[in-house]
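# Give me the fold of what follows.
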Amino acid sequence: MNMNEKEGGVCEGGLNVTLTIRLLMHGKEVGSIIGKKGETVKKMREESGARINISDGSSPERIVTITGQSEVIFKAFAMIAEKFEEDILASMINSTVTSRPPVTLRLVFPASQCGSLIGKGGSKIKEIRESTGAQVQVAGDLLPDSTERAVTISGTPHAITQCVKHICTVMLESPPKGATIPYRPKPTAGGSHTVLAQPHTASAFAIPGQFAIPHQDLTKLHQLAMQHIPLTSLGQSNPTFPGLEASIATSSHELSIPNDLIGCIIGRQGSKINEIRQMSGAQIKIAGATDGSAVRHVTITGSPASISVAQYLISARLSSVIASLRPL
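Numbering: from 1, shown residues only. I've put the predicted structure just below:
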């Protein structure tokens, strides 16, 4: 987006590019959008002019992708928000609830863009809340097995549509950095996550000396990485200030990697560790070998999101290397 358009605002056609916005919905919400025999979503497509695609139905959560020119996107969002408001009003008919709950939508964005949405000291997200009347919250954690975060917006249909306009402006002015691993809902939740580390050890991936790690998918590895982010020390213990997200803060996290496996993490001439640095946005330092120690200490520094991605990529690399050594 041309920076000269920045002051033009969203209502004067400053967003005349094709956008793709992804929404995360539960099955019931998706059913409402689709309607009987697909009539509702067909009407939304025709009246808004947007392409609306819905991920397959084998998961409790679905991704709804909306693509089109900016004004087309906003029309589609307005129609979705109005449909959800109709559902809320219908559910209140035989209810004792007197206050109408707000319409709530969950958007999905690359974590690398969320800092711009929050703004310095939470300034941007506060500005969006005040100018639109909508509530906006950026999740502190990454969505499982991805480098994306959920952005929840709630309010009246009009407030939500205005809020989406502001968010689109920010996202166009701050493109994603590095590679994005998109969130894909899983059919069912995984089993136990007690692999690679004990819950209370300081090191998230201190691998036992036997390297007897069972085969597992990357979701479990990622969920394990998420478990070991010290959220309370990053200022997330008070959820009443969602704008002051921990992505603004910088923290550090330590791992212990066996000497035998550190070369797999570094790669030839540092190629693998540089790739992990670039994809995660975190700083990664590997301490020198210590006499008598079987492990090397690795320090990861950055935002909670970048630390989590770095942990995830390191653990995925270790898992694949150990799996390849199994026949031995």
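# Cys264 touches Lys272, doesn't it?
Yes: when contacts are counted by CB atoms under 8 Å, Cys264 is listed as touching Lys272 (7.2 Å). From N, CA and C alone the C-beta is placed, and that goes for glycine too.
# Touching both of these two, which residues are there?
Shared contacts of Cys264 and Lys272, defined by CB atoms under 8 Å, 6 or more residues apart in numbering, comprise Arg317.
# What's the first helix or strand after the helix or strand bottoming out on mean pLDDT in the chain?
The helix or strand with the lowest mean pLDDT-type score in the chain, counting by mean pLDDT, DSSP states H and E, is helix 218-227 (a mean of 44). Along the chain past helix 218-227, the next helix or strand (assigned with DSSP states H and E) turns out to be strand 251-258.
# So in that sheet, which strands flank that next one, and in what orientation?
strand 295-302 (antiparallel) (DSSP bridges).
# Of all the residues in the partner strand, which ones are buried?
Along strand 295-302, these residues count as buried under the neighbour rule (16 or more other CB atoms under 10 Å): Val295, Arg296, Val298, Ile300, Gly302.
# ok, the first one - contacts?
Listed by CB under 8 Å, 6+ apart, the contact set of Val295 reads Ala206, Ser256, Ile257, Pro258, Asn259.
# Check what pLDDT it gets.
For Val295, the pLDDT comes out at 81.
# His158 and Asp260, how far apart?
60 Å (CB to CB, to the nearest Å).
# Ser146 too?
30 Å.
# Pick out whichever of those two has more residues nearby.
Ser146 (19 against 13; other CB atoms under 10 Å).
# I'd guessed that one sits against Lys186; true?
No: judged on CB under 8 Å, Ser146 makes no contact with Lys186 at a distance of 10.9 Å.
# which stretches of the chain have low pLDDT?
1-16, 97, 188-249, 323-328 (pLDDT under 70).
# hey, where'd the strands end up in it?
18-26, 51-54, 61-69, 103-110, 135-138, 148-155, 251-258, 283-286, 295-302 (DSSP state E).
# With distance to Lys42 added, can I get those strands in JSON lines?
Putting the strands of the chain into JSON lines (distance: least, CB to CB, whole Å) gives the following:
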{"stretch": "strand 18-26", "distance to Lys42": "17"}
{"stretch": "strand 51-54", "distance to Lys42": "9"}
{"stretch": "strand 61-69", "distance to Lys42": "14"}
{"stretch": "strand 103-110", "distance to Lys42": "20"}
{"stretch": "strand 135-138", "distance to Lys42": "30"}
{"stretch": "strand 148-155", "distance to Lys42": "25"}
{"stretch": "strand 251-258", "distance to Lys42": "48"}
{"stretch": "strand 283-286", "distance to Lys42": "49"}
{"stretch": "strand 295-302", "distance to Lys42": "45"}
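# Pick out the residue nearest the middle of the chain.
Arg149 (1.7 Å; CA atoms, centre = their mean).
# what residues are up against that one?
Counted by CB under 8 Å, 6+ apart, Arg149 has contacts Val108, Phe109, Pro110, Ala111, Cys114, Val138, Ala139, Asp141, Leu142, Leu143, Ala305.
# Identify the residue spatially nearest to the second one, adjacent ones excluded.
Right, Phe109. Leaving aside its sequence neighbours, Phe109 sits nearest to Val151 (CB to CB, 6 or more residues apart in numbering; 5.8 Å).
# measure Ala305 to Leu23 for me?
In terms of CB to CB, Ala305 sits 20 Å off from Leu23.
# okay, these two: which has more neighbours?
Ala305 (27 against 22).
# Give the burial count for the nearest residue to the more buried one once chain neighbours are set aside, as a bare number.
The shortest distance from Ala305 to any non-neighbouring residue, by CB to CB, 6+ apart, is to Ala111 (4.0 Å). A count of nearby residues for Ala111, using other CB under 10 Å, gives 29.
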